[in-house]
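Enquirer: the following block contains a protein sequence and its predicted model.
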Amino acid sequence: MLIARLIAEAGGLETRLDAASKALDAAGMPVAEASMLDFCGDVLQISLPHGDAGQMTELLVEHFGECDMLVADHAIEIPRLFVSDMDSTMIGQECIDELADFAGIKDKVADITERAMRGELEFESALRERVGLLEGLGERAIDNCLAERIRPVPGARTLVQTLKSKGCRTVLVTGGFHHFADRVADQLGFERVVGNRLAVSQGHLTGKLAGPVSDASTKLATLEEEREQLGEGARVLATGDGANDIPMIEAADYGIAYRAKPKARDAANGRIASEDLTVILKLLGIPESDWSLG
């Protein structure tokens, strides 16, 4: 069984659905049922008795465009674990890029960040290089950066708080830094934070990391550790945007790429083109009347 849920523009919906159904049928994946969800009126659900999830996604994108979508091989349900990236996923910025602006080197650092997130550079070496460029920056710049630059993306707190209200454990795991992530997690309501630590001496960054690197393997290990504690059958949601999110996205039942780089988007079985993260709640079948602000 394959189930796809998507949020598409209403105009010409029947025509696009008809064309998509014919394309799926031609690919050997006949549509068993297609209807709007009663409890989330703008969500179209398409069910197939069998098929390939990747091919189904490609055909739906071809006919509906880059819309908000989730494809699963089982009945979609509310997850019991939510693991998310932070930078450019829960917040709209890359913290290290914004912090580098206070040192007057944002362009140089941002270029390295972009290439690392696209998977063009090895993550750890790229991280250490960028952190090294921040040597000597006053620790107070972090507080200023948080206050002036760092903002949650629309719907982030509602997503976290609603999932928590439904009994879902929430974990923020980042290749960024605890200096930022701890406060973002507190603001949004995450229950656990995993990330890197910037080394500080006499009120200034040393250009080094304190402790082991939090990278793609850390994100995957955190997801697996948390899932094991919940026991067999616990559904897992993971969100991210970059190459270092791919392992946890692939390991999750619902791996959702949020406005993501191409490699991360291609690895995911869900994709979000909209800015507002509450579309994830719609795709999970949680009506707006059940959303929580905490």
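Expert: That came through, no problem. All values reported here derive from a predicted model rather than from experimental measurement. Numbers count the residues shown, from 1 in each chain.
Enquirer: and the next helix or strand past the strand of greatest length in the chain?
Expert: In the chain, assigned by DSSP state E, the strand with the most residues is strand 169-177. Toward the C-terminus, strand 169-177 is succeeded by helix 178-188 as the next helix or strand (DSSP states H and E).
Enquirer: quick one: mean pLDDT over that next one.
Expert: Averaging pLDDT along helix 178-188 yields 97.
Enquirer: also stretch 67-87?
Expert: Model confidence over stretch 67-87 averages 97 on the pLDDT scale.
Enquirer: residues of it that come out buried?
Expert: Neighbour counts over stretch 67-87 (16 or more other CB atoms under 10 Å) mark 67-72, 76, 78-87 as buried. (Glycine included, C-beta is placed from N, CA and C.)
Enquirer: state the distance from Pro30 to Asp101.
Expert: Here Pro30 is placed at a distance of 54 Å from Asp101 (CB to CB, to the nearest Å).
Enquirer: okay, the two: which has more neighbours?
Expert: Just comparing Pro30 and Asp101: by other CB atoms under 10 Å the higher neighbour count belongs to Asp101, 16 against 13.
Enquirer: secondary structure element for the more buried one, which one?
Expert: Using DSSP H and E, Asp101 falls in helix 95-102.
Enquirer: show residues contacting that helix.
Expert: 86-87, 106, 108-110, 113, 130-131, 133-134, 137, 141-142, 144-145, 149-150, 176-177, 180 (CB atoms under 8 Å, 6 or more residues apart in numbering).
Enquirer: check stretch 248-260 too.
Expert: 70, 72, 74, 76, 79, 83, 88-89, 153, 173, 216, 219-220, 222-224, 235-242, 245, 264-265, 267-273, 275, 277, 280, 284.
Enquirer: among those residues, which ones are in strands?
Expert: 70, 72, 83, 173, 236-240, 270-272.
Enquirer: from those residues, which is closest to Pro49?
Expert: Nearest to Pro49, judged by CB to CB, of those is Ala72 at 14.2 Å.
Enquirer: okay, now Asp290: neighbour count?
Expert: With other CB under 10 Å as criterion, Asp290 counts 13.
Enquirer: apart from its chain neighbours, what residue comes closest to it?
Expert: Residue nearest to Asp290 in three dimensions, not counting chain neighbours: Thr162, with 6.9 Å by CB to CB, 6 or more residues apart in numbering.
Enquirer: so how far is Leu281 from that neighbour?
Expert: Distance from Thr162 to Leu281, by CB to CB: 6 Å.
Enquirer: now Pro247
Expert: 25 Å.
Enquirer: need the ones in strands among the contacts of stretch 248-260 in a markdown table with distance to Glu120, can you?
Expert: Listed next are those as a markdown table, based on distance: CB to CB, whole Å:
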| residue | distance to Glu120 |
| --- | --- |
| Leu70 | 28 |
| Ala72 | 31 |
| Val83 | 25 |
| Val173 | 22 |
| Val236 | 28 |
| Leu237 | 27 |
| Ala238 | 22 |
| Thr239 | 22 |
| Gly240 | 17 |
| Gly270 | 24 |
| Arg271 | 21 |
| Ile272 | 23 |
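Enquirer: out of those, grab the one that's most surrounded.
Expert: That'd be Gly240 among these, by other CB under 10 Å, with 35 neighbours.
Enquirer: tell me the contacts of that one?
Expert: 84-85, 89, 219, 246, 248-249, 257-258, 260, 264.
Enquirer: nearest to Asp42 among the residues you listed?
Expert: For the contacts of Gly240, the nearest to Asp42 is Tyr258 (18.8 Å; CB to CB).
Enquirer: buried ones in stretch 60-67?
Expert: 60-61, 63-64, 67.
Enquirer: try stretch 243-252
Expert: Under 16+ other CB under 10 Å, the buried positions of stretch 243-252 are 243-249, 251-252.
Enquirer: cool, stretch 98-115 as well?
Expert: Buried residues in stretch 98-115 (16+ other CB under 10 Å): 98-103, 105-106, 109-110, 112-113.
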